[in-house]
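# here is the input, now give the coordinates:
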Amino acid sequence: MTWILNIFGNIKNAIMALGALFLGVYVAKQKYNSYQAESKLKNIESKIAKTNIVIAKTKAKAKAQAKKAETDSHIQTLKELQKQSKEVQKEMVDIEKNINNHLKNKKEIKKPKRVRKGKISIDV
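Residues are numbered from 1 along each chain as shown. Next up is the predicted model:
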């Protein structure tokens, strides 16, 4: 009878060992899956970070180009205004010269004096 109990004990021990082995394999598989998922997550996060960096660089370049374009347009406008102001100054000098010449050359115009010729008689 002891040998029957030994057989059942051995079978029980074997089943328990198999259960522990399956449980260990299941835990190891779950750990592997979690490490794999974590690795995929890190890859995705690094891709997102790289994409965010590219987006930030693109936005910074666009802002810099917009600022440069705005500055260039301001510079162009200022240059045009300077050219126009020089032209206006030349015109003002010409006008001033013309006025001065006119004033120097202006002769006093003698106004005719009113002369009375006596009484006017009207016959009716």
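# give me the residue at the spatial middle of this protein.
By CA atoms, centre = their mean, the chain has its centre lying nearest to Lys63, at 2.7 Å.
# contact partners for it?
Neighbouring residues of Lys63 by CB atoms under 8 Å, 6 or more residues apart in numbering: there are none. In this view, the C-beta of every residue, glycine as well, is placed from N, C-alpha and C.
# same question, Lys86
Counting by CB under 8 Å, 6+ apart, Lys86 touches no other residue.
# does it sit in a helix, a strand or a coil?
Here Lys86 is helix, with the state taken from DSSP: H, G, I helix; E, B strand; the rest coil.
# follow-up on the earlier one: what helix or strand does the residue nearest to the centre of the chain sit in?
Secondary structure assigned from DSSP states H and E places Lys63 in helix 2-105.
# distance between that helix and the chain's centre?
Centroid separation between helix 2-105 and its chain, computed with CA atoms, centre = their mean, to the nearest Å, is 14 Å.
# any idea of the mean pLDDT in it?
Helix 2-105 shows a mean pLDDT of 88.
# going forward, the N-terminal residue is numbered 865.
Taking 865 as the first residue, the last one we looked at is helix 866-969.
# on that earlier part again, from Asn897, how far off is the residue nearest to the centre of the chain?
44 Å (CB to CB, to the nearest Å).
# what about the residue nearest to the centre of the chain, distance to Lys950?
The gap separating Lys927 from Lys950 is 35 Å, by CB to CB.
# same check on Thr935?
Counting by CB to CB, the gap from Thr935 to Lys950 is 23 Å.
# same deal with Val889?
Distance from Val889 to Lys950, counting by CB to CB: 91 Å.
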